[in-house]
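# missing the sequence, but the structure's below:
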DNA sequence: GCTTCCCGCCAAACA
DNA sequence: TGTTTGGCGGGAAGC
């Protein structure tokens, strides 16, 4: 039996279980489908869990990650404000300012000590951390907050914002975020959480997983998957049919229903870091242009010579690599999201009405 | 065999 | 004290 036929027969089996159908990324896409609509300003966790047909535990993962990039904010127990994609540039700007305040390294090689220090003072949530008199209690509280998914998400984003690099491997990110801790168990746990974050960001098209297989140590082909960033070359035709349908999936990553109209090419600038800082400064007041889904979207590409220096420095036991869409691209991306979601919802409503009439 | 990441236990935080 | 929140890692799907 062919693998396709096998999968089809599996999918007809009522007991058939597909992990992909339960992925955090897909769940996030559905979450955004439900709530990124006009008139939505509040989200109940129970409501979200019911709508999506998942347990609350999964909703916590999603809202914590989305809250870190400004899409949501906590209103009360079980209740969140929906702020939308338009709030992301401001949130990123704040993250950048925090990172700069914390003297976060932008040298391109993640400096463990600097990143580790983020764990102690990173983000608004931590600014509320109360230093109590009882050190043991305080340490416990701090320790828990330091390890929160929300803070990890913020620090993960800071790595991209403050780094020269276009590609970041999950294990290098985990190493950087762990700082001085060199415990294999802690490493595995951290990478598990980074996978969660990566899947959510992937579903939003903020980052992308490379389909190519370049070993970042040797720059030679290896049998390992990588995560990578968008670029703006014209080579989009092979995916166009899927993209016209609004999404495609690859290597287990299901991408969001809309793709940015333009994002910068990997390594297309001699001084990317300077440009990123400038881009971030422009972000809050940015008035982007965007294209509809008929526009060409960004293809994938991996170029060995663009691999980050730190990536070549140590053998990656975990080899997934990812690139954060450039900051200039984020401007387009988020504006595009706002418009695209709206038009998509209008389209869906029209289809519903047509079906009801017929 | 290795990578990816879902799932749910259970402890901390909160009301 | 009951409920909410969410860290954590086992282990299975996927490749």
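Yes, it's here. Note that the structure is a prediction, hence the values are computed from the model and not measured. Numbers count the residues shown, from 1 in each chain, chains lettered A, B, ... in the order given.
# Quick one: name the residues of the stretch 1-150 of chain A near DNA strand C.
A:17-20, A:45, A:56-57, A:60, A:63-64, A:77-78, A:144, A:147-150 (Cβ under 7 Å from any atom of the strand). Every residue, glycine included, has its C-beta placed from N, CA and C.
# Just the buried ones among those residues, please.
The neighbour-count test (16 or more other Cβ atoms under 10 Å) marks A:45, A:63, A:64, A:148, A:149, A:150 as buried among those.
# Tell me the predicted confidence for the first one.
For residue A:45, the pLDDT comes out at 92.
# quick one: it from residue A:21, how far?
22 Å (Cβ to Cβ, to the nearest Å).
# what's the answer for the third one, then?
Using Cβ to Cβ, one obtains 22 Å as the distance from residue A:64 to residue A:21.
# Now look at stretch A:146-159 and say if it contacts DNA strand B.
No. Figure legend: stretch A:146-159 not in contact with DNA strand B (Cβ under 7 Å from any atom of the strand); closest approach 9.8 Å.
# What mean pLDDT does that stretch get?
On average, stretch A:146-159 scores 89.
# Run through chain A and note the low-pLDDT ranges.
A:1-16, A:103-142, A:165-166, A:210-352, A:355-358 (pLDDT under 70).
# how much space between the residue in it that DNA strand C sits nearest to and residue A:37?
Nearest residue of chain A to DNA strand C: residue A:148, at 2.8 Å (Cβ to the nearest atom of the strand). Look at residue A:148 and residue A:37: by Cβ to Cβ, they are 29 Å apart.
# re earlier: a markdown table please, covering the buried ones among the residues of the stretch 1-150 of chain A next to DNA strand C and showing secondary structure and distance to residue A:175.
Formatted as a markdown table, those follow (DSSP: H, G, I helix; E, B strand; the rest coil; distance: Cβ to Cβ, whole Å):
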| residue | secondary structure | distance to residue A:175 |
| --- | --- | --- |
| A:45 | helix | 33 |
| A:63 | helix | 27 |
| A:64 | helix | 22 |
| A:148 | coil | 19 |
| A:149 | helix | 18 |
| A:150 | helix | 21 |
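# Now distance to residue A:198 too, for these, in JSON lines please.
Listed next are those as JSON lines, based on distance: Cβ to Cβ, whole Å:
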{"residue": "A:45", "distance to residue A:198": "23"}
{"residue": "A:63", "distance to residue A:198": "17"}
{"residue": "A:64", "distance to residue A:198": "14"}
{"residue": "A:148", "distance to residue A:198": "17"}
{"residue": "A:149", "distance to residue A:198": "12"}
{"residue": "A:150", "distance to residue A:198": "15"}
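# farthest pair in the residues you listed?
Distance extremes for these: the farthest pair is A:45 and A:148 at 16.6 Å, using Cβ to Cβ.
# buried sites along the helix or strand hosting residue A:98?
Using DSSP states H and E, residue A:98 falls within helix A:88-101. Of all the residues in helix A:88-101, those buried under the rule 16+ other Cβ under 10 Å are A:88, A:89, A:91, A:92, A:93, A:95, A:96, A:98, A:99.
# Show me which of the residues you listed is closest to residue A:353.
For the buried residues of helix A:88-101, the nearest to residue A:353 is residue A:88 (31.4 Å; Cβ to Cβ).
# The closest one and residue A:354, how far apart?
Distance, residue A:88 to residue A:354, using Cβ to Cβ: 33 Å.
# go on, residue A:47?
Noted for residue A:47: a distance of 28 Å to residue A:354, by Cβ to Cβ.
# Kindly report the same for residue A:152.
Distance of residue A:152 to residue A:354, given as Cβ to Cβ: 44 Å.
# Who has more neighbours out of those two?
residue A:152 (25 against 9; other Cβ atoms under 10 Å).
# name the element the spatially closest residue to residue A:55 that is not a sequence neighbour belongs to?
The spatially closest residue to residue A:55, leaving aside those adjacent along the chain, is residue A:49, at 6.3 Å (Cβ to Cβ, 6 or more residues apart in numbering). If you go by DSSP H and E, residue A:49 is part of helix A:45-52.
# Buried residues, that helix. List them.
Buried-residue list, helix A:45-52, by 16+ other Cβ under 10 Å: A:45, A:48, A:49, A:51, A:52.
# just checking, what packs against it?
helix A:24-35, helix A:56-68 (3 or more Cβ pairs under 8 Å, 6 or more residues apart in numbering; DSSP states H and E).
# can you state the direction angle for the shortest one and helix A:56-68?
For helix A:24-35 and helix A:56-68, the angle between their directions (axes from the mean of the first three to the mean of the last three Cα atoms, to 10 degrees) works out to 80 degrees.
# What angle do helix A:45-52 and helix A:24-35 make with each other?
110 degrees.
# buried ones in helix A:24-35?
Buried, per 16+ other Cβ under 10 Å, within helix A:24-35: A:24, A:25, A:26, A:27, A:28, A:29, A:30, A:31, A:32, A:33, A:35.
# re earlier: could you list which residues are in contact with the residue nearest to residue A:55?
By Cβ atoms under 8 Å, 6 or more residues apart in numbering, the residues touching residue A:49 are A:55, A:56, A:58, A:59.
# Make a markdown table out of those and add distance to DNA strand B.
Below are the contacts of residue A:49 laid out as a markdown table (distance: Cβ to the nearest atom of the strand, whole Å):
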| residue | distance to DNA strand B |
| --- | --- |
| A:55 | 6 |
| A:56 | 9 |
| A:58 | 7 |
| A:59 | 11 |
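# Scan those and report the most crowded one.
residue A:59 (24 neighbours).
# Hmm, that residue is touching residue A:45, no?
Yes. The pair residue A:59 / residue A:45 is scored as a contact, 5.2 Å apart, by Cβ atoms under 8 Å.
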